[in-house]
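Colleague: my questions are about this predicted structure, shown below with the sequence.
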Amino acid sequence: MEKNKSFIIDLSKIKGSGEFKCPKCGTKISPDDQSEEAYTILEPIVKEDRLEKVILQCNMCGSKISLIGFRALGKLD
């Protein structure tokens, strides 16, 4: 049985509106998708009142994806 793999995506290095593909299966994951059809938010991690990381799970292949880079995005505003 294959174990689900974990991946890290740095949002500060993604161009566009923050959508990306699951590194394992290629499913499109978009912040605009609120249906939870493609992914499920497992855990937001907050440090010092700032979003540090969000852990997602791809609903197609089960991979866990840690989103980082929120601090750099906050500096762009």
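Modeller: Ah, there it is. Numbering: from 1, shown residues only.
Colleague: doesn't Leu67 lie inside a strand?
Modeller: Yes - assessed by DSSP: H, G, I helix; E, B strand; the rest coil, Leu67 belongs to a strand.
Colleague: any idea how many residues pack against it?
Modeller: Leu67 has 24 neighbouring residues, counting by other C-beta atoms under 10 Å. In this view, the C-beta of every residue, glycine as well, is placed from N, C-alpha and C.
Colleague: just give the nearest non-adjacent residue to the most centrally placed residue in the chain, would you?
Modeller: The residue lying closest to the centre of the chain (C-alpha atoms, centre = their mean) is Leu67, at 4.0 Å. Nearest non-adjacent residue to Leu67, counting by C-beta to C-beta, 6 or more residues apart in numbering: Val54, 4.5 Å away.
Colleague: cool, Phe7 as well?
Modeller: Closest residue in space to Phe7, ignoring its immediate chain neighbours: Pro23 at 4.4 Å, by C-beta to C-beta, 6+ apart.
Colleague: just the element for the one you found, please.
Modeller: Pro23 belongs to no helix or strand when elements are defined using DSSP states H and E.
Colleague: tell me which residues in stretch 22-40 are buried?
Modeller: Going by neighbour count (16 or more other C-beta atoms under 10 Å), the buried part of stretch 22-40 is 22, 24, 27, 29, 39.
Colleague: with Glu48 as the reference, measure out to the fourth one.
Modeller: Meaning Ile29. 27 Å (C-beta to C-beta, to the nearest Å).
Colleague: isn't there a strand covering Glu36?
Modeller: No - inclusion of Glu36 in a strand is not indicated when three-state DSSP is applied; the result is coil.
Colleague: list the contacts of it.
Modeller: Applying C-beta atoms under 8 Å, 6 or more residues apart in numbering, we find Glu36 in contact with Asn59.
Colleague: 54 is where my numbering starts, stick with that
Modeller: With 54 as the first residue, the last one maps to Glu89.
Colleague: give me the pLDDT for it.
Modeller: At Glu89, the model reports a pLDDT of 89.
Colleague: how close does it get to Cys111?
Modeller: Glu89 sits 11 Å away from Cys111, going by C-beta to C-beta.
Colleague: could you do Lys77 as well?
Modeller: On the measure of C-beta to C-beta, Lys77 and Cys111 end up 7 Å apart.
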